[in-house]
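based on what follows, work out the 3D shape:
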Amino acid sequence: MISTENLSISYHGRTVLRGVTIDAKPGQVLALVGPSGCGKSSLLTALNQMTEIIPGAGVQGKIAFDGRPINQAFASTAQLRQHVGMIFQKPNPFPMSIRRNIELALREHGERNREILAQITETVLKDVGLWDEVCDRLDHSALELSGGQQQRLCIARALALKPQVVLMDEPCSALDPISAERVEQLIQSMRGDYTVIIVTHNLAQARRLADQVAVFWVQDGVGQVIEQGETEQLFARPETEIARGYLSGQRG
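So this is what the prediction gives:
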């Protein structure tokens, strides 16, 4: 669904990620793991083309969506982000009502029919398990929600545009254990319908959620993928010493 080939990323001439080749398959969850500073989050920003708005950022190599170069697959960056959603580490609902958080992006993409807007809002809030908690206060500020509820609202906001790929940058790291569990359950439910790429430092979480895992590591001062493969196989029988040590908790 979305892949890279020999992708490198730099900031102000300093390479932070080099030679990354990954392939996130349709309907599967790909986890990116590794110590901080390996370039995992930088990779997500490149996949979503957010590097274009970061001063001094440079990207080399290939990014493909459904087999086509990503700059040819979409007519605009806005269209790309409709198909490739992004969830950040800290919940970032807009300072407006719960309802408007969902409707805003839909309206920006041309949807004006109130019945359709209401239907989509209800559907995606149900999909993330939030509808029963907020259905009687849709016009209240989203900032009144708990952190876990805000994160699920952000996921619902992304799903409203019916993306094919959802990028998640440590979506549970700022949440309490109960909220994190609910988000994990949501990611599990997304399998099959969405391609999910999740950055996580929680190895147990990666093992629970992911179909495929890519292990990042800094070598010679630059982030690289040192090993990748099917989750259970990689955790049980990693081929490299670095991956073996990291996945067993002895390194990193």
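
for D127, grab the count of nearby residues.
18 (other CB atoms under 10 Å). For every residue, glycine as well, the C-beta is placed using N, CA and C.

so how far is L104 from it?
Distance from D127 to L104, counting by CB to CB, to the nearest Å: 18 Å.

count the neighbours of G61 for me.
Taking other CB under 10 Å as the criterion, the count of residues near G61 is 16.

again, but for Q82
As a burial measure, Q82 scores 19 neighbours (other CB under 10 Å).

helix or strand for R157, just tell me which one.
helix 147-159 (DSSP states H and E).

got the contact list for the helix or strand that that helix is followed by?
Using DSSP H and E, the helix or strand that follows helix 147-159 towards the C-terminus is strand 165-169. Strand 165-169 is contacted from outside by 1-2, 24, 41, 44, 47-48, 65, 83-89, 155, 158-159, 187, 190, 194-199, using CB atoms under 8 Å, 6 or more residues apart in numbering.

where do the helices of the stretch 51-200 of the chain begin and end?
Using DSSP state H, counting those that start in this stretch, the helices found in the stretch 51-200 of the chain span residues 70-73, 77-83, 98-108, 114-127, 131-134, 147-159, 177-190.

would you list those in TSV and tack on mean pLDDT?
Formatted as TSV, the helices of the stretch 51-200 of the chain follow (pLDDT from 0 to 100):
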stretch	mean pLDDT
helix 70-73	85
helix 77-83	86
helix 98-108	93
helix 114-127	95
helix 131-134	96
helix 147-159	93
helix 177-190	90
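
give me the buried positions along the helix holding R157.
For helix 147-159, burial by neighbour count (16 or more other CB atoms under 10 Å) applies to 148-159.

ok now it, how far from the chain's centre?
12 Å (CA atoms, centre = their mean, to the nearest Å).

what angle do strand 165-169 and it make with each other?
If you take axes from the mean of the first three to the mean of the last three CA atoms, to 10 degrees, helix 147-159 sits at 150 degrees to strand 165-169.
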